[in-house]
Every structure is written in C-alpha cells, then in structure tokens.
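> need coordinates for the following:
(2 chains)
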There are 2 protein chains.
Amino acid sequence: MSDTTPPAYPIDEMNRVKRRHDRGFYDHGTVHRLLDSAMLCHVAYVVDGQPYCTPTLFWRERSTLYWHGSSASRMLRNQSAGQPACLTVTHFDSIVLARCGFNHSADYRSVMAFGHAALVEDPAEKAAALVAMVDRFFPGRTATLRQSTAQEIKATSVVAMQIERASAKIRAKGVADDEEDYELPVYAERLPIHTVIGAPEPCPRLLDGVARPENLALYQPGDLLEEALRRAHARTYPG
Amino acid sequence: MSDTTPPAYPIDEMNRVKRRHDRGFYDHGTVHRLLDSAMLCHVAYVVDGQPYCTPTLFWRERSTLYWHGSSASRMLRNQSAGQPACLTVTHFDSIVLARCGFNHSADYRSVMAFGHAALVEDPAEKAAALVAMVDRFFPGRTATLRQSTAQEIKATSVVAMQIERASAKIRAKGVADDEEDYELPVYAERLPIHTVIGAPEPCPRLLDGVARPENLALYQPGDLLEEALRRAHARTYPG
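Numbering: from 1, shown residues only, chains lettered A, B, ... in the order given. Sure thing, here's the model as predicted:
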C-alpha cells in the first residue's frame, strides 16, 4: 500500500475524455509508455483559422515532445513563437466485428498531448536534439556516422513542446455485443492488426566488410515495431 | 497519347507541398488510392483557437470522406455547422538509416484532405452511411447482422466532408546519401515496416455451426492491411 498518487497530467475541458470516459487515462506511466512505443505522430496546428494535420517523426524526453521539420515548412514557420498544438499517437490494434452494426468497433491505444510548440533555437539544446533524433531510436548510432556539417544543422529544424495536458484512450476488449445478441447466429470476431518490422534492406552500396552494427539488434524482422521502439527508448533514457 | 489531363484537386497555398515539392501529388488517382488503402485517419479541427488531432475510422465515397463519431464528442459538437477540417492518412513504409544524421529519413505515403466537415443529418443519407460504415470494409456484411434499432441510429453520428483540396506526399527511395558519403565505412539500411492482419479471433460465444463468412475472405492473416482495405473498397465501389 502506498499513500502516493502516481504522477498524472492535469485534467480539464481540453483533455478530459468525454465520450467513453471509462477509456481515459491521465497518469504519466500510461501516457508516456504509449508515446515511447511510437515513432510516427500526427500534429494538429492552426494557421489563420485553418487546421492542419501533419504526420511527422517524434520522440519524448521527460515531459517534452520533440519533432522534426524544416524551417521552410508551413507548420514550423508558424510555430516559432510557441503555437498551440496537439500531438496525437495512435496504436491501431484490431478491427472488431460484432453482431450488429452499432457494436462494430476497433481496439486501439491513443494519446493526445497538448501544449505550445516552438522551434528549438538554443544551439546547445538543438545540438542535443539532433543527436537524440537519431540515438533515441538507434542508441549510440550518431557517434558512428559522418558528422553533421554546419549547413546541415542550419537546415534542420527541431520543434519542442512541453506537455501541458495529455490523455490516453484505450479500448482493448474485442467483441462486446449486447447480451441478447449473443444468441443470434451471426459471426463475430476480433481481427488483430500488427505493425511489424520487415527484413532489413542493407544499402547496396555498402563498403566491403561493413556489417549491421550491434545497436541495430534492437530491430529484428518480425518484431512488433512498438516493442522495438520501447526497448530503444528505455536504453536511451534509462529510469 | 492523350490530350486529357487526369482529374486532380486544385492546388493553392493550403495544400501545395512546399517542403520537398517533388514528393507532392494532386491527381485523384493517387490521392484516392492512398485514402482507400486506409481505415484509420487523424482529423484536425479547431475549437476556440485550440487545435485537436483526433484518430478515427473513415472511408471515401467519390470525393466525400465520411467518419464515425458520437454527437457527444467534442469534435462533432463543433462541426455540425460545417467546420474547416483536415483529414490525414499516413502509410509508414520504412525507417531509413543513412551515413549521416541529416539523411536519416522514412519512406511514407500520406494524404492531407481539406474541406468543411458537417454532421450527416438527412435520414436517407445517414441510413446509407451507416450501412457503408460496415459494408465498405466488409462487403455485404450489414445484411447478415441484427438490424440497427432506432435508438442505435440516433446514437451514431456520421460526419461528412467534401474534399475541397488534397495533396499526397510520397517518399519511396530508401537510402539516399550524399554521393561522397557512399565511400564511408558506415552501415546504412532501409528498415521496412509492415502493417499486417493477424489471426482472426472468433468470438468465444459464437453459436455452434456459425462459420467465418465468405465476405471476410478478403482479410487473411499475413496480408498487408492496406491491400485488404483496397480490395474491399474496390468491391464496394466498383469502377
């Protein structure tokens, strides 16, 4: 028994899960685990009242989310002053076929994170983020690469957003029909969806003797992508 | 040779692919094919200046996108009058490990579709959409189910959005290093990512003799989800 409450994000009208509130979670553990199991996110932002939904690669460091972009992009041009944004990650786990149309559904695990997104301008923070952008996924890889040029660093933009509010939403129950419908001769199933790693395709122009390095062993064909990403995150940010 | 241009979405400041414009496509064929290969989308919308990015299931019929929600949801409550929205679909195809940090990338195929989202209120259009919501994915399935009750129809909301502008963005080239970097003894690869169908899990409470129906044969374990979805779409909306 413990008298401490696990750390959680504050809940208000912005992030409270309203529809199916029983599926909502706000604790850091649940929210961060779902974020750290992903590489692809979708970011919503507003330019002149028009919403945009942009896919991008991202990662979490403590309660800050970082993502990649170019200073030429529509999104970043408008976020340098700290624009409100919503970064969403969705793990699509199954299609649920029920005995009536209404109970057709999906199993999923998603996170919506809210905050103000801004370009990383501090040179030291940007340098660290450019390393993390590779090493968070492939621990130790940056040290093995050709070093970035000043021009490349300049041409790469990194966006940072402190998570101000967040919610996770999880459905993980498969078929859930109305009790009386179970007596009907209708077929129902949960159809699982898996996002997996395929066979690596080494660059055809590798020099002789250059082998797949040990730090890529985290990524094995057939593995669930989310598990590899979680392992890599735990190695880069232990504890 | 033909003197006709394939039908395409109009291009302006909203949907022009600015960064990496060589990756942008606007023709109906490319945009629709990527949409019809997906079931999960992310929708961005704005409430009181705050952007929200919501995952949901959707489908396309001609140049209209439909998605599912509840009248209780934050998103729909605010879109009934026709709110600007951006619906995005992303197929994440690979992680690209290059010889320098700057050329690390991903292969992907995405679509951003812009329009004004509104609740489907016309009873006949809504009835047709509730059938399509199941049958677009599982052709003919609705006829085999317990019929929807008036209460269920009332409790289900459908949102429709005519595509006013759209763009597809595609990267599909794997490792693309700077020419001089190919001489470095650095390992590089394309790491494919596949979203596949798992083994169906029949409901444990099926009545004796109820078998998986023929219309689910479109979804076989090991198949790419996107191919099954495209097959189902072609069967539901031929031509």
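
> lowest-pLDDT helix or strand in chain A?
Least confident helix or strand of chain A, by mean pLDDT, DSSP states H and E, is helix A:74-77 with a mean of 61.

> and the next helix-or-strand element following that helix, what does it pack against?
Counting by DSSP states H and E, the next helix or strand C-terminal to helix A:74-77 is strand A:83-97. Packed against strand A:83-97 by the contact rule (3 or more CB pairs under 8 Å, 6 or more residues apart in numbering or on different chains; DSSP states H and E) you find helix A:28-36, strand A:40-47, strand A:105-119, strand A:189-197, strand B:40-47, strand B:50-61. Every residue, glycine included, has its C-beta placed from N, CA and C.

> give me the spatial nearest neighbour of the most centrally placed residue in chain A, chain neighbours excluded.
For chain A, A:Ala38 is the residue whose C-alpha lies nearest the centre (CA atoms, centre = their mean; 3.7 Å). Once flanking residues are discounted, A:Ala38 sits nearest to A:Val89: 4.4 Å by CB to CB, 6 or more residues apart in numbering or on different chains.

> count the residues that sit near that neighbour.
When counting by other CB atoms under 10 Å in any protein chain shown, one arrives at 26 neighbours for A:Val89.

> ok, it touching A:Asp36?
No: with contact defined as CB atoms under 8 Å, A:Val89 does not reach A:Asp36; the gap is 9.6 Å.

> okay, and the common contacts of those two?
Counting by CB atoms under 8 Å, 6 or more residues apart in numbering or on different chains, A:Val89 and A:Asp36 have no contacts in common.

> in this structure A:Ala132 contacts A:Thr236, no?
Yes: counting by CB under 8 Å, A:Thr236 is a contact partner of A:Ala132 at 7.4 Å.

> near chain B at all, stretch A:131-148?
Yes: contact between stretch A:131-148 and chain B, assessed by CB under 8 Å from any CB of the partner chain, occurs at A:Val131, A:Met133, A:Val134, A:Phe137, A:Phe138, A:Arg141, A:Thr142, A:Thr144, A:Leu145, A:Arg146, A:Gln147, A:Ser148.

> can you give the distance of stretch A:209-226 from its chain's centre?
20 Å (CA atoms, centre = their mean, to the nearest Å).

> mind showing which ranges of chain A have poor pLDDT?
Counting by pLDDT under 70, chain A has low-confidence residues at A:1-3, A:70-81.

> so A:Tyr187, which state does it fall into?
Look at A:Tyr187: counting by DSSP: H, G, I helix; E, B strand; the rest coil, its state is coil.

> neighbours around it, how many?
Neighbours of A:Tyr187 under the rule other CB under 10 Å: 21.

> for it, give me its contacts.
A:Tyr187 touches A:Leu97, B:Thr144, B:Pro202, B:Cys203, B:Leu206, B:Val210, B:Ala211, B:Arg212, B:Pro213, B:Leu216, counting by CB under 8 Å, 6+ apart.

> as TSV, those residues with distance to A:Ala232 would be great.
Converted to TSV, the contacts of A:Tyr187 look like this (distance: CB to CB, whole Å):
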residue	distance to A:Ala232
A:Leu97	34
B:Thr144	44
B:Pro202	35
B:Cys203	36
B:Leu206	40
B:Val210	43
B:Ala211	42
B:Arg212	38
B:Pro213	41
B:Leu216	36
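
> filter those residues to the buried ones?
Neighbour-count burial (16 or more other CB atoms under 10 Å in any protein chain shown) applied to the contacts of A:Tyr187 gives A:Leu97, B:Pro202, B:Cys203, B:Leu206, B:Leu216.

> how about the second one: what's its closest non-neighbour residue?
Closest residue to B:Pro202 in three dimensions, ignoring its sequence neighbours and counting by CB to CB, 6+ apart: A:Glu189, at 4.8 Å.

> just checking, the one you found touches B:Glu201?
Yes: counting by CB under 8 Å, B:Glu201 is a contact partner of A:Glu189 at 5.9 Å.

> and stretch A:103-113 with chain B, contact?
Yes: using CB under 8 Å from any CB, we find that stretch A:103-113 touches chain B at A:His104, A:Ala106, A:Tyr108, A:Ser110, A:Met112.

> ok, now stretch A:224-239?
Yes: using CB under 8 Å from any CB, stretch A:224-239 reaches chain B at A:Leu225.

> chain center to that stretch: distance?
12 Å.

> send the alpha carbons of that stretch over as CSV?
Only the C-alpha atoms of stretch A:224-239 are listed here, as CSV (Å, rounded to 0.1, in the frame of the first residue of the first chain):
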residue,chain,number,x,y,z
LEU,A,224,6.4,-5.6,-33.3
LEU,A,225,7.6,-2.1,-34.1
GLU,A,226,6.2,-0.7,-30.9
GLU,A,227,8.3,-3.1,-28.8
ALA,A,228,11.5,-2.3,-30.5
LEU,A,229,10.8,1.4,-30.1
ARG,A,230,10.0,1.0,-26.4
ARG,A,231,13.3,-1.0,-25.9
ALA,A,232,15.3,1.7,-27.7
HIS,A,233,13.7,4.4,-25.6
ALA,A,234,14.4,2.6,-22.4
ARG,A,235,18.0,2.2,-23.4
THR,A,236,18.5,5.9,-24.3
TYR,A,237,16.6,7.2,-21.4
PRO,A,238,17.0,4.7,-18.6
GLY,A,239,14.9,5.1,-15.4
